[in-house]
Each structure stands twice: as C-alpha cells, then as structure tokens.
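Participant: Got a predicted model here, sequence first, then my questions.
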Protein chains: 2
Amino acid sequence: MSQKSFHVAVVGATGAVGQQMLNTLSEKNFPIGKLSLLASKRSAGQVITFNGESHTIQEATPEAFEGVDLALFSAGGSVSKQLAHEAVKRGAIVVDNTSAFRMDPNVPLVVPEVNEQDLLKHNGIIANPNCSTIQMVVALQPLHEKYSLKKVIVSTYQAVSGAGAKAVEELKEQSKAVLNDEPFEASIMPCASDKKHYQIAFNAVPQIDKFEENGYTFEELKMMNETKKIMHLQNLEIAATCVRLPVETGHSESLYAEFENGNPSVHEIREVLKSAPGVTLQDQPEEQIYPMPALAAGLPDVFVGRIRKDLDRDNAYHMWVVSDNLLKGAAYNSVQIAESLIKLNLL
Amino acid sequence: MSQKSFHVAVVGATGAVGQQMLNTLSEKNFPIGKLSLLASKRSAGQVITFNGESHTIQEATPEAFEGVDLALFSAGGSVSKQLAHEAVKRGAIVVDNTSAFRMDPNVPLVVPEVNEQDLLKHNGIIANPNCSTIQMVVALQPLHEKYSLKKVIVSTYQAVSGAGAKAVEELKEQSKAVLNDEPFEASIMPCASDKKHYQIAFNAVPQIDKFEENGYTFEELKMMNETKKIMHLQNLEIAATCVRLPVETGHSESLYAEFENGNPSVHEIREVLKSAPGVTLQDQPEEQIYPMPALAAGLPDVFVGRIRKDLDRDNAYHMWVVSDNLLKGAAYNSVQIAESLIKLNLL
C-alpha cells in the first residue's frame, strides 16, 4: 500500500528547535514528498543535510509557501504573524511553535495526548503550546480524567536552551569564566529583549520572558492560560512561578495538584501514569529513582516521579515532572500534531 | 563601661560553616574572652588565625569544654549527640547547628527574628534550624503576625555548599569536565551517605538528604516540622519539595502562602516586609529587581521579591525568598542566638 506524502516546509530551520524538528521528522520517518527549508534572508543559501540529502535554505517569503502542504513554524512570533496566514492562503496547514496565535480562540492549541480532537476545529493554523506547559498537561491530563483537577501550583526549573542557541553559548562561556575567576558580562539572560541582563552560570534567575503589570511574567501567564485552554478547564485554579537555571536542556517542574474526586493512594496515581500516553514513570525513592534533566535530555518522554500525598489534604499531591524542552516541549510535539492531522484525515 | 566577655568554643572550626562562624564572630565583634577551636582528632594541631591571632585546633573531647561558657557546634549530628551534653555538664550553653536536637521538645529551636523568647526555656542546648527553614520563617513570620498563616507550599532551589566543602569541589570539577567533554564520576551528590550519586553540574536533583517511607526526604520533613515548631503553629498546612541545584552558595525558595485574615494588596505585603527584622525587600519587577543567589551570597539578609497575589484566591500570595545558606542559614543565625542569650541575660 502506497502512503500519501507531503510537501513540508520548516520555517526557522537553522534554529535550535528547527534542528530538532528536522531530527524528529527524520526519526519518525514522516512521509515527506518534498522538503522546503526556510529561514531569514541572513541564513538563506546555507546548506543543511536531511536524510543524507543536501538542502539549500531559502528565504522565508510568502511565495516560498506555494504548493506547501504542511508548514512547521519556529522562527519567532513576528515571523509567524507575518507569514503564517500567507502560508494558509496558499493551502498549507501551519503548526506554529511560537506564542503568536496560542490564545487566539480560532486557533486550536494542541498537545496530542491531551486534546487531539481540537484539531478538527482548525482554520489553517494550529498552535504548539509553550514548552513548560506541554510537559505539565501531559502529566496532569490522565489524572484529571480520573480525579478531576481543581487546583495547580507549579514552580519551574527551566533550562537555558529554551531561550535559544545563543543562551546556551552564554551559559557555557560564563560558567568557564566563573570557574577560572575571569570577568564576564551577561548579555542575553534572563530575557534578550529586556533591559537588564544577569549572570546565569551557578545562579537561579526568577524571570523568564518580560513582566506583566500584575507582577507575573509572560512565561508564568502562558503556563496558566494555555493549561486552561488545552485542558478545557476555564475554572481551574492555577499559578506558576518560572525560574531559569544553569541547565542546558530539560525543564523540571515541582507540581502541587488538588483533585475534586477521590483520594487515590500514591500507588494508584502511579498506575494511572504508568499507562498514560507520553508519560514515563520514574518513581522509586527507595532506589533513588526520580526524573532529572541530565537523564531526560534527548528523549521525547515526559518523566514523572517524586509522587507524594500531601500530608494535610487527602485530595492533594506533589510530583516532579521533567522533559526535554526542545523535544516534547517544542519540536517533537509539533511533529506529533502533524501526525495527528494525518490520522484525522486533516492533511 | 566594661563589657562581660565569654569563653567561646567553636566545634567543627575547620568546616565550611565553622569558618563562617569565626568570620561572623569577628565581624559582629562578639565579646570573646577566650576562644577554643575544636575539631576531630584528624584536624587537631592545625593553626587557624582569628582576629590576627593564631589558634591551634584541639581535639573535641569532653574535657575540652572545661570552663567554656558558649559552645557553637557544627561538626555533624553524631558529634553533637556525643559531646553537647558533656559541654552542658561542664557549664556551657550549646548552640547546635546540626539536626541532632531540633525536634527534641526540651530544646528550643530558634530564629531570633521569630521566636527569641523560646530561649528563656532552654535546658543548656539550643538548636539552630535547618538552613532552608530559617530563611522561610524570617519571611513568613512578619506576615503571619498580621494576617495569620494557614497554608504554605514551598519548592526549594538549594545550593551545594549546604552539603559541605567537598560538594562544592565536586560541582566545580564536574562543571569543568562537562564543559571540556571529559568523563567524570559523581561521588558525593545528592547525598554523600546514600547509595547512588548523580551528576550535579548543569542538572537539577530532586533529592536532599535521604528518603523517608512516605516518599518525602528528610530535608523536606525538616522544613515542614521545624517551621511548625519555630512559629508555634502545630496546625499549619505545609508541604515542601527540596531540590539541589548547580549553585555554589545561596538557597532560593518559591513560596505559596495562604492567610486566614484579610487580603492585603501586594503593596501592603511589601510594606510589612520592608520593616521586618532580617528581611531586605528586592521587589521591583518593572526594573527587573528580584533576589538571586549570585547577589545574596556573602550577605546576612533574607531577600524577598517576586511578590504576587494569587489570581484565584484573594488570601493567597506567591513570593521568592533567597539567602546565603552558610550565613543566615547557619553560622550567622547561630551567632545571633548567642547575642540573644546575652541580651536576655542567659549567658
């Protein structure tokens, strides 16, 4: 039986997430008929090898989307705002990994393990959620389905690769400078577009993205608002504190979750998560087995461990959730969305 | 007016906290008549300079406490269990920085800004709380006095120096190895006395101290139980998740706090903390001003920032609390206790 294949465009092909998208498309053996690698004018002309074949980067212009079936965008919000509708106009379905359309009521925000069916309502653009949101909802959804989620408090431990390849370089160079007692100047972290920059090496910085007037950062509000949208829980109580760490890849999250129904044992919670899609349970405290970013980097799973019952409330639990922010947090989830589009006959 | 002076013994004088105790005694100009520096047999004979004078380390034996007025212990729980009562028997007051006596109902557990009056009930030994507990209660107590604390959920971001000088060395050597792509073997973190050891460089490890049967670590239970004892709040709802980071010095904490009375504005919360003893407010999001371990190391204050109202509950708040775990978290608090003993005519 011959399988349908697609003209796929990757926008932002030279970036950290773009590279992971290509890796994921290759590893998943995605049915690509034709591949267009698009990027800024500056990167045009570069040659990238994909599945053994050389591809020349083209400039991402409206015309570059002629004939494209599927366009995976990961080149920043302004590029998506400028070009996503141009791609749709030319017949492509866009899976956008930026925050440009996530809260648009006409755009489904999708984590396939959680709300794949929302794809049926798409209007050409599908948004890929924020990295820190994705791993959290993958862990919470199977528990919500059984026990009905009421309240979430999350504190994050986020890796610098979420801020791009230059941020990773800054972490490495700065770490060397600190270890050698040499001077350095911070120029990217915590937020390249904000006024001040701080040391990230051997530090913990409680700012990711810019601040809103209510004192929360955009990253924190993204986690809170996107979770409600993806899980269809407009009345969920949820609060986030987002912190950047000197970790290259792999976001970690300390989660507190209260449920409406039942007070399952830790054993029951583990059983639910063991059979949950996308989740790998790593929870044997007696053997010191728990998730850590150093173990999760490079893997597509969402790892869950440190599951404990709250000692004061029977319906509340604590857990520790880790995933590769470039894979399940970005590229892998985007390609999964594309696979779901095929499965649902939408592509 | 001549001031009374005291024969002070520092037990564990060669350790990371012992060194900070000597620095703090010197900086605070503590009235020392005679100084005995005690340590294990292995360290005996070493010479340490204090206020320009050379002192030879003596072995910590029962007899070494003859004539001592004040003994500051920081040489591990087993040394305290073995020698604290011997010191008391010989007339000394012991301020113990280990976990040996913290939950003993006959031993006051004291943070001077919070429960100085508990010193009046001492029986020779006073316990210095766990580092991560101290900075949290200093931030919470002034708010509790006004609004009555009901529930706390804390996730920590803890520095390796809390695990001793060897752990700091491991972080540095491992960081170099990772940066140079060289092999390394973890041998101390996350817990020297536990079975397995994991990479701490560029990682986040959700284990501090060993695991209890209920899935919490000792560190987490210490924070929960010690907070109740220090604040005299046996019914406080409190849960902790403790995580070790690749930070040399300075613990950070993401705190969620619910209060019984009133729903103060963030401005009011800031005003209370501004005038609170031991607290320095660093909370101007519009100027990207918030606490960070890289800024807090070497300073005795507890820094509080990122104060936000919970968006779902009027009586709930989020904040970020940072302090030097070797100073306010250990040595500085111990010396403050000694100062309080003088102030209360107990020494």
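Facilitator: Cool, got the structure.

Participant: At the contact with chain B, which residues of the stretch 101-250 of chain A appear?
Facilitator: Counting by C-beta under 8 Å from any C-beta of the partner chain, the stretch 101-250 of chain A comes close to chain B at A:151, A:153, A:155, A:157, A:172, A:175-176, A:179, A:190, A:194-196, A:198-199, A:202-207, A:211, A:214-216, A:224, A:237-239, A:241, A:243, A:245-248, A:250. Glycine gets a C-beta too; all of them are placed from N, C-alpha and C.

Participant: which stretches of chain A form helices?
Facilitator: Under the criterion DSSP state H, chain A contains helices at A:16-27, A:77-89, A:112-115, A:131-147, A:165-179, A:218-231, A:266-274, A:293-296, A:332-343.

Participant: Highest mean neighbour count out of the ones you listed?
Facilitator: The highest mean neighbour count among these, using mean count of other C-beta atoms under 10 Å in any protein chain shown, belongs to helix A:131-147: a mean of 24.

Participant: counting contacts, what elements does it pack onto?
Facilitator: Here helix A:131-147 touches helix A:112-115, strand A:149-157, helix A:218-231, strand A:251-259, helix A:266-274, strand A:279-281, strand A:302-309, strand A:316-323, going by 3 or more C-beta pairs under 8 Å, 6 or more residues apart in numbering or on different chains; DSSP states H and E.

Participant: tell me the mean pLDDT for the first one?
Facilitator: Helix A:112-115 carries an average pLDDT of 98.

Participant: do the fourth one as well
Facilitator: Averaging pLDDT along strand A:251-259 gives 98.

Participant: quick one: it to strand B:251-259, angle?
Facilitator: Counting by axes from the mean of the first three to the mean of the last three C-alpha atoms, to 10 degrees, strand A:251-259 lies at 20 degrees to strand B:251-259.

Participant: ok so, going back, can you tell me which of the residues of the stretch 101-250 of chain A next to chain B end up in strands?
Facilitator: Mapping these onto strands (DSSP state E) picks out A:K151, A:I153, A:S155, A:Y157, A:E237, A:I238, A:A239, A:T241.

Participant: okay, the helices of chain A in a markdown table with distance to B:A139 next?
Facilitator: Shown next, in a markdown table, are the helices of chain A (distance: least, C-beta to C-beta, whole Å):
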| stretch | distance to B:A139 |
| --- | --- |
| helix A:16-27 | 37 |
| helix A:77-89 | 36 |
| helix A:112-115 | 36 |
| helix A:131-147 | 25 |
| helix A:165-179 | 28 |
| helix A:218-231 | 20 |
| helix A:266-274 | 30 |
| helix A:293-296 | 28 |
| helix A:332-343 | 37 |
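
Participant: wait, which of the ones you listed is closest to A:E185?
Facilitator: Nearest to A:E185 among the helices of chain A is helix A:165-179 (9.1 Å), distances taken as C-beta to C-beta.

Participant: What helices and strands are in contact with the closest one?
Facilitator: helix B:165-179.

Participant: Tabulate the helices and strands packed on helix A:131-147 in JSON lines, adding columns for distance to B:S54.
Facilitator: Formatted as JSON lines, the helices and strands packed on helix A:131-147 follow (distance: least, C-beta to C-beta, whole Å):
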{"stretch": "helix A:112-115", "distance to B:S54": "66"}
{"stretch": "strand A:149-157", "distance to B:S54": "45"}
{"stretch": "helix A:218-231", "distance to B:S54": "53"}
{"stretch": "strand A:251-259", "distance to B:S54": "47"}
{"stretch": "helix A:266-274", "distance to B:S54": "56"}
{"stretch": "strand A:279-281", "distance to B:S54": "58"}
{"stretch": "strand A:302-309", "distance to B:S54": "48"}
{"stretch": "strand A:316-323", "distance to B:S54": "49"}
